[in-house]
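Participant: the following comprises the amino acid sequence and a computationally predicted model.
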Amino acid sequence: MTLDFYVKRDSWMHRLDPRVKLVLAVVLMVAAMLVRDFWLNLFLLVGMLLMLASAQIPANRFQWVFKLTVPVTIMIVILWPFFYHSGPCFFYVGPLPITLGGLIDGVAMAFRIISLCFACCSLLFATDQAKIVRACVKLGMPYKYGLTLAIALRYLPVFFGIITMVTEAQYARGLDIPKKNILKKLKSYMPILTAMLIAGLRNSDNMSNALETRAFGASVENRTYYSDFSMHSRDWIAIAIIAIGMAVFTYFFVILDVRLPNIFW
Amino acid sequence: MSIDATREPVIQAIDLEHTYDNGFQALRGIDLTIYKGDYVGLIGQNGSGKTTMIKHFNGLLRPTKGKILINGADATTLTVGKIAKQVGFVFQNPDHQIFCPSVREELAFGPKNCGMSPGEMKDAVEDALESFRITEFAEHPPAILGFGLRRKVSLAAVYSCRPTVFIMDEPTVGLDHRSARELLDIIGELNGNGDTIILITHDMRVICENTKRGIVLRNGKLILDGTTREVMSNIEVLRQTQIRPPQVIELSKELSAPDVAEFPLNVDEFINEFIKTKKAM
């Protein structure tokens, strides 16, 4: 299992300053959370997909995100109509009317979840993890926290490797995870979790020693960086486009409160 | 080695192949029989397929082609837990299995899984503590013991399930000479009691001084299989797979080309052989 989302390419998105991409991702996420309308949600999602496609992100990454969100989105589409009602009614489940409006709103909410995922991914797919952390530090995050974040990201795959090995080691000692009884199942994971925790603590101890022996913390203010980046004109243009987009969106859909025509009923 | 009808096979690989999900073919048609009482040294570079092969021996991996028989039964019909009663597998890093508050409980985990009665379990744990000479640490938390002791606990914890085949992945790595020697002595005792041992190690001296049979893998294929003496005398084949036998072997090969039967595997044997030759001259 690999948890590195980064796809190495040479596209316009890859070339952008990571800070700009960080801002873009946050703006897209906020937009996805604010937008309620079905058409706007669809527009946002399709827009993001086109943006990622133009950044040469391969199709299997898209599939991966869709697959990941399938359980949640299906649940939302099924459950939403029970709690939101508008438009013509199909039938009643007990006292609850199932309406066309509820169903459409449910689908819009599902789009919203997928959009949120793609907003995160727009950053993760097109930016090297180390650069994301570097961007956070440049934006004012203390270096220590940045490094902690970088190490956490870096060690996720390692940790999954350890999980596999610990699981195999305990299986080899006759550990059987029962398939049916949930309580027993949880209990039988204890040997794996405890061994994991001990191995993890031992790892982190070694890691901190290794960092300190390589002079971590010796000079906090004057540290230099191997790979640094600065804002180019294309980055300022991107920021301007994001700002204009935000302004237009806010003007029409928040201040003027424009409603898109309802073509469903 | 051709199949020996006079001995009892414990693990048989028949045309074993394994291809991982990513398309990498790690094993390419392995035919191998491990007999009861064998003391096998498994040799090969990293990526040669050693780990993939032994993971088939305790069911952690299933063959993508071919078959594995464990004590005559097809391994695909057995769960890893069931195989654990017959084949004990000691992983390289002891920290990947230690989780109990005391050594005694750590050793009781396997027997519990195997469904031993409390009486049997007590005997098995005491026997394991004694065999691995860790009785004095029985109540200590294993996670904070020194590395050598943790290694011993991890072996004892597999031993307490009472399997008759032991697969050990680099059991002497990271141990000082004395601890390694002590551990190898204990493993030798197990083998002396009739248990089968499969030892993976990159330390050719450990192979030469302890094992009776050598198996060499390269690129997922079995390229040598014979007594340790036969395998070690095949310096040219070993060299192809970047293995260098201990210097004493190279030295005796340089001095003369002794028969395989007289090939010295360690310094003591070399000295004996040398004195004999000298006297005859």
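Facilitator: Now that the structure is in, tell me what you want to look at. These numbers come from a predicted model, not from an experiment.

Participant: report the secondary structure state of B:Thr33.
Facilitator: strand (DSSP: H, G, I helix; E, B strand; the rest coil).

Participant: quick check: pLDDT value at it.
Facilitator: According to the prediction, B:Thr33 has pLDDT 95.

Participant: and it, how many neighbours does it have?
Facilitator: With neighbours defined by other CB atoms under 10 Å in any protein chain shown, the count for B:Thr33 comes to 18. C-beta here means a position set from N, CA and C on the backbone, and glycine is covered the same way.

Participant: pretty sure it contacts B:Glu8?
Facilitator: No: counting by CB atoms under 8 Å, no contact exists between B:Thr33 and B:Glu8, whose distance comes to 10.2 Å.

Participant: so which residues of the stretch 151-281 of chain B form helices?
Facilitator: Residue ranges of the helices in the stretch 151-281 of chain B, as given by DSSP state H, counting those that start in this stretch, are B:177-192, B:204-210, B:228-233, B:235-240, B:247-255, B:267-280.

Participant: which elements pack onto the third one?
Facilitator: Under the contact criterion of 3 or more CB pairs under 8 Å, 6 or more residues apart in numbering or on different chains; DSSP states H and E, helix B:228-233 touches helix B:204-210, strand B:213-218, strand B:221-227, helix B:247-255.

Participant: what about those, which gets the closest to chain A?
Facilitator: Comparing the helices and strands packed on helix B:228-233 by their distance to chain A (CB to the nearest CB), the top pick is strand B:213-218, with 20.0 Å.

Participant: could you give the angle of that closest one to strand B:221-227?
Facilitator: 170 degrees (axes from the mean of the first three to the mean of the last three CA atoms, to 10 degrees).

Participant: ok so, going back, tell me the most buried of the helices and strands packed on helix B:228-233?
Facilitator: With neighbours defined by mean count of other CB atoms under 10 Å in any protein chain shown, none of these is more surrounded on average than strand B:213-218, at a mean of 23.

Participant: which neighbouring elements make contact with that one?
Facilitator: Counting by 3+ CB pairs under 8 Å, 6+ apart, the packing neighbours recorded for strand B:213-218 are strand B:39-43, strand B:221-227, helix B:228-233, helix B:235-240.

Participant: mean confidence for the next helix or strand after the first one?
Facilitator: This points to strand B:39-43. Following strand B:39-43 in sequence order, the next helix or strand is helix B:50-57 (DSSP states H and E). Averaged across helix B:50-57, pLDDT comes to 93.

Participant: counting contacts, what elements does helix B:50-57 pack onto?
Facilitator: Identification of packing neighbours for helix B:50-57 by 3+ CB pairs under 8 Å, 6+ apart yields strand B:9-19, strand B:25-35, strand B:39-43, strand B:65-70, strand B:87-90, strand B:165-169, strand B:196-200.

Participant: gap between the fifth one and the chain center?
Facilitator: So that's strand B:87-90. Relative to its parent chain, strand B:87-90 has a centroid offset of 9 Å by CA atoms, centre = their mean, to the nearest Å.

Participant: by proximity to chain B, which residue of chain A wins?
Facilitator: In chain A, no residue comes nearer to chain B than A:Gly174, which is 3.2 Å away by CB to the nearest CB.

Participant: could I get the pLDDT score of that residue?
Facilitator: Per the predicted model, pLDDT is 85 at A:Gly174.

Participant: again, but for B:Met1
Facilitator: Confidence per residue is given as pLDDT, and for B:Met1 that number is 55.

Participant: near chain A at all, stretch B:169-177?
Facilitator: No: using CB under 8 Å from any CB of the partner chain, no contact is recorded between stretch B:169-177 and chain A, whose separation bottoms out at 10.2 Å.

Participant: quick one, strands of chain A?
Facilitator: Under the criterion DSSP state E, strands of chain A are mapped to A:89-93, A:96-99.

Participant: for the first one, packing partners?
Facilitator: So that's strand A:89-93. Under the contact criterion of 3+ CB pairs under 8 Å, 6+ apart, the helices and strands touching strand A:89-93 comprise strand A:96-99, helix A:100-126.

Participant: could you check how far the closest residue to B:Thr196 other than its chain neighbours is from B:Asp4?
Facilitator: Spatial nearest neighbour of B:Thr196, chain neighbours left out: B:Val165 (4.4 Å); criterion: CB to CB, 6 or more residues apart in numbering or on different chains. According to CB to CB, to the nearest Å, B:Val165 and B:Asp4 sit 17 Å apart.

Participant: out of those two, which sits in the busier spot?
Facilitator: In this view B:Val165 and B:Asp4 are compared by other CB under 10 Å, and B:Val165 has more residues nearby, 22 against 10.

Participant: I'd say the more buried one and B:Val87 touch.
Facilitator: Yes: counting by CB under 8 Å, B:Val165 sits close enough to B:Val87 to count as a contact (4.5 Å).

Participant: and for these two, which residues touch both?
Facilitator: Between them, B:Val165 and B:Val87 share these contacting residues under CB atoms under 8 Å, 6 or more residues apart in numbering or on different chains: B:11, B:57.

Participant: closest residue of the stretch 51-200 of chain B to chain A?
Facilitator: Closest point on the stretch 51-200 of chain B to chain A, by CB to the nearest CB, is B:Asn113, at 3.2 Å.

Participant: could you count how many residues lie near that residue?
Facilitator: The tally of other residues near B:Asn113 (other CB under 10 Å) stands at 20.

Participant: and it, backbone torsions?
Facilitator: For B:Asn113, the backbone dihedrals are phi -60, psi -30 (criterion: degrees, to the nearest 10).

Participant: any weak-confidence spans in chain A?
Facilitator: Within chain A, the set of residues satisfying pLDDT under 70 comprises A:1-4, A:220-221.

Participant: same check, this time on chain B
Facilitator: Filtered on pLDDT under 70, chain B yields the residue ranges B:1-3, B:257-262.

Participant: how is it partitioned into domains?
Facilitator: Recorded structural domains for chain B (assignment: automatic domain parsing) are B:1-79+B:202-244, B:246-281.
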